[in-house]
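In: Predicted model, plus sequence, below.
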Amino acid sequence: MIDIAYLKERAKFLRVETLKIHKAAPEVRVASSLSPVELFTSLFYGKLLHYNPVDPRDENRDRFVISKGHGSICMYPLLADLGFFDKAELNNVCKSGSFLGGIPDPIIPGYETVNGSLGHGLGVACGMALALKTKKSAKKTVVLTGDGELNEGANWEAIMCAAQHKLDNLTLIVDYNKVSMLDFSKNIIDLNSLTEKFNAFHWDVYEIEDGHDVEQVYNTLHRVLSAHKQKPKVVIAHTIKGKGVPFLETHPLSHILSVKSEDIDGLIEEINNAD
Amino acid sequence: MQIKAMRDVFLTALHQKMATDERLFFVSADFGAPILDKIRADFPDRFINVGIAEQNLINVSVGLALEGFTVYAYAIAPFITMRCYEQIRVNIAILSQLRPMNINLIGVGAGVSYSLSGPTHHCLEDLSIMRTLPNIEVFSPSDYLLTEAYVERSIACKKPKYLRFDAMPMQAICEKIENFNQGFRVLQHGSKAAIIATGYMSQKAQKVAADFDVMVIDLYFLNAYDLDKLHACLKAIETVITLEEGFKGVGGLDSEINSKLKNKQVINLGFEQKYTFEVGSREFVHESNGLGEQDLIALLKIVS
C-alpha cells in the first residue's frame, strides 16, 4: 500500500527544488515545470513505473517518454534524488559544460528521447510500444505531453496509428494546464472536448479532475496502467500551470514569465508551510 | 542485360533476410511494390503500414529502432525526406548521436525518375538536405546490382541511412561489384577530364562519354566514400565535371566534390533553381534544364 503522505511530501520537495533551480537558472521554464509535479511524483515515487537508476536503459524498464521537454525541469531534482546522477549536478543547471540544460535532452540519464521540439514523443512511443509487443515484452510505454503541443499534427497521426494497432501497452498522459505560450489555449486552438476527441479516435479515456491531488493522481494512474482493453489509453490530467506560484497560476503568459529571484525564498516557505 | 527496378531487387533480397533475421522490421507509408505484398504476407508481425503519414513513419520507425530492430522505412523519395524533415533531424540525426539506431530510410523516385508527375514528385533537393544532417549515410546507387549489394550493409552498418532509389527499371552498369565499401567506382578510364556522377546520371555519363577520352566515376556513398582513393584516381586529371539530378550549387554532389577537390578545375552540372512544370520524358526534363545528352556531349567536346 502506497503512503500518500509520503507522495505529498515528495511533491512538495520537487516543487521547492524546481523553484531553487529557477532561482539559480532563470532561463528554465518554471510554470510548465510546476504543472506535472504530481504526475511525475506518482509515476516515480509511487513506483508506477519500473525504472533502474543504475542502468537507465535496462531492458526491463518501462519506457517513459517526456514529450513536453521544456516543461519537465522538476525531473532534474527527481532523477538526482533517485540516484540517476549526482545531486551536485543540480548546481550546474544551464552552466557551461553541464548536461542539465534549459531543455532536457537524452544525454541526461532517465530521458529516452529528444524533447526540445514539441510533438515528437507520442509517435516514437508508438514505435516503442509496437516493438515491445513484437518482442512479447510485458513492459509498458508511457508518454507525457502538454496540451499546447497537441496542436502539432504529428500527434494525431500517432493517435490514429496507436488505435489502429490496439496498442494497449501505451498510455498517454496529457498535462492539461490549458495555457500555451502566448495565451490560454482556448484562445489559440481550443481543445475542448479533449475527452470526446480521444473517444472518437477509439482510445480508452480517463480523466483526473485535480491533477494536484496526489491521491487522485496516484489512484487513477495505478488503475489505468494495469488496464488492458485492446485500446491505447489516455489520462487527461487537469492541472494548473505555475502551480504553487500564485501570480503564475492565473496569468495567460505564465509560460514565458520568470519568478523574481527575491520572491523565491518566500514562495518556498509558503509551499513548505502549506498542507 | 537484364532491366530491373532497384526497389524490386532490394526488397527481394530483404525478403530473404527477413526469413532468418527476426530483427528486421519494415514500415511503409502506404507505398508498395509487388514483392512488398510478399513481405507483409510472410511477416505480418514485422510489417506495418502507417498510412499516408510520413511524420509518423519516421517516429514509429525510430521507436522500433531504439528497441533494437533494424528498421526499413519506405515511401516516395521527396515525401520521406521533406514531408518529415524535422522528424528526421530531431529523432534520427540528433537522437542517434546519443542512442544507437539502425534505421534505413528508403526513398523511391530519385531525381526526375517520376518525370511525368511534376514538381511535387521530382526530387531535386534530397541530396543536399540529407547530406547536411550529421550522422546519416547517404546512398545514391546507379544500378540494381549496387542496390542489392547494399542489403548486407544496411544490416551490418548500424546507423541511420538514406537510400535514394531510382523509380525506373534500368540495366546494370557492371556485372561485377568490386570494392563496394570504397563508395565509388570507375566506369570508364580517360585522361582529359573526369565526370563524377551519382545515381541515374552515372548511367547517362557512361553513355555520353563512351566516345571521349574522359574518365567516368560513379559516386554512390555520397558522404562515406574513400577520399584518399578518389584523390589517387584523379591524380593526373585537371578538370572534373560533377553531374547530378539535383539542384545545382546548393549542397549536393557538387558541394561535396568542390570542397574536397580544391586544386582542380571543377564544373558543376545540375538542375537550375526552378521547378519544371512541363512534363515529358526524363530526357525531355533534362533537356529543359540544359542536361540533355547533346548538351553533355557539347561540353565533353570542349574539355577533351
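Out: That came in fine, so what should we check first? Residues are numbered from 1 along each chain as shown, chains lettered A, B, ... in the order given.

In: Tell me, how many residues neighbour residue A:156?
Out: The number of residues packed near residue A:156 is 18, by other CB atoms under 10 Å in any protein chain shown. (Glycine included, C-beta is placed from N, CA and C.)

In: ditto for residue B:19
Out: Using other CB under 10 Å as the criterion, residue B:19 is surrounded by 10 other residues.

In: do residue B:216 as well
Out: Around residue B:216 there are 28 residues (other CB under 10 Å).

In: next helix or strand past the one helix or strand it maps to?
Out: Here residue B:216 sits within strand B:214-219, counting by DSSP states H and E. Note on strand B:214-219: by DSSP H and E, the next helix or strand toward the C-terminus is helix B:227-233.

In: Quick one: list the elements packing against that next one.
Out: Helices and strands touching helix B:227-233, by 3 or more CB pairs under 8 Å, 6 or more residues apart in numbering or on different chains; DSSP states H and E, are strand B:184-188, strand B:214-219.

In: ok so, going back, could you check the angle strand B:184-188 makes with the strand holding residue B:216?
Out: Angle of strand B:214-219 versus strand B:184-188, following axes from the mean of the first three to the mean of the last three CA atoms, to 10 degrees, is 150 degrees.

In: can you list contacts of strand B:214-219?
Out: Strand B:214-219 is contacted from outside by B:140, B:142, B:173, B:183-198, B:202, B:205-206, B:209, B:225, B:230, B:233-234, B:237, B:253, B:256-257, B:300, B:303-304, using CB atoms under 8 Å, 6 or more residues apart in numbering or on different chains.

In: repeat for stretch A:173-182
Out: With CB under 8 Å, 6+ apart as the criterion, stretch A:173-182 contacts A:31-32, A:35-36, A:39, A:68, A:71, A:142-148, A:150-151, A:184-186, A:188-189, A:191, A:194, A:211, A:221, A:234-241, A:252-256.

In: Give me the domain ranges for chain B.
Out: Structural domains of chain B, as assigned by automatic domain parsing, span the residue ranges B:3-170, B:179-303.

In: longest helix anywhere in chain A?
Out: Assignment by DSSP state H gives helix A:4-24 as the longest helix of chain A.

In: which of the residues in whatever helix or strand comes next after it are buried?
Out: Using DSSP H and E, the helix or strand that follows helix A:4-24 in sequence is helix A:31-34. Neighbour-count burial for helix A:31-34 flags A:31, A:32, A:33, A:34 (criterion: 16 or more other CB atoms under 10 Å in any protein chain shown).

In: Stretch A:3-10 too?
Out: Neighbour-count burial for stretch A:3-10, with 16+ other CB under 10 Å as criterion, is recorded at A:4, A:7, A:8, A:10.

In: thinking again about what came up before, mean pLDDT added to the helices and strands packed on helix B:227-233, as a markdown table?
Out: Shown next, in a markdown table, are these (pLDDT from 0 to 100):
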| stretch | mean pLDDT |
| --- | --- |
| strand B:184-188 | 98 |
| strand B:214-219 | 98 |
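
In: what does chain B put close to chain A?
Out: For chain B, the residues in contact with chain A under the definition CB under 8 Å from any CB of the partner chain are B:25, B:45-46, B:48, B:50-51, B:53, B:55-56, B:58-69, B:86-87, B:90-91, B:94-95, B:98-99.

In: By proximity to chain A, which residue of the stretch 1-150 of chain B wins?
Out: With CB to the nearest CB as the measure, the residue in the stretch 1-150 of chain B that lies nearest chain A is residue B:63; the distance is 1.9 Å.

In: Could you pull up the residues touching that residue?
Out: Under the criterion of CB under 8 Å, 6+ apart, the neighbours of residue B:63 are A:123, A:124, A:125, A:126, A:127, A:128, A:129, A:130, A:131.

In: Please name whichever of the domains of chain B is nearest to residue A:227.
Out: Between residue A:227 and these, the shortest separation by CB to CB is 21.7 Å, and it involves domain B:3-170.

In: Without its sequence neighbours, what residue ends up closest to residue B:236?
Out: Once its chain neighbours are removed from consideration, residue B:236 has its nearest residue in residue B:191; the separation is 6.5 Å (CB to CB, 6 or more residues apart in numbering or on different chains).

In: So the one you found lies in a strand, does it not?
Out: No. When classified by DSSP: H, G, I helix; E, B strand; the rest coil, residue B:191 is found to be coil rather than part of a strand.

In: can you count the residues close to residue B:190?
Out: Residue B:190 has 17 neighbouring residues, counting by other CB under 10 Å.

In: So it sits against residue B:209, correct?
Out: Yes. Checked against CB atoms under 8 Å, the pair residue B:190 and residue B:209 is within contact range at 7.2 Å.

In: who's in contact with the residue of the stretch 51-200 of chain A found nearest chain B?
Out: Taking CB to the nearest CB as the measure, the point where the stretch 51-200 of chain A comes nearest chain B is residue A:127, at 1.9 Å. Residues in contact with residue A:127, defined by CB under 8 Å, 6+ apart, are B:59, B:60, B:61, B:62, B:63, B:64, B:65, B:66, B:67.

In: what's the farthest-apart pair in those?
Out: Pairwise distances across the contacts of residue A:127 (CB to CB) peak at 13.2 Å, for the pair B:59 and B:67.

In: Can you list the buried residues in stretch A:23-38?
Out: Neighbour-count burial for stretch A:23-38, with 16+ other CB under 10 Å as criterion, is recorded at A:23, A:25, A:28-38.

In: again with stretch B:290-301
Out: Counting neighbours by 16+ other CB under 10 Å, one finds that the buried residues in stretch B:290-301 are B:291, B:292, B:296, B:299, B:300.
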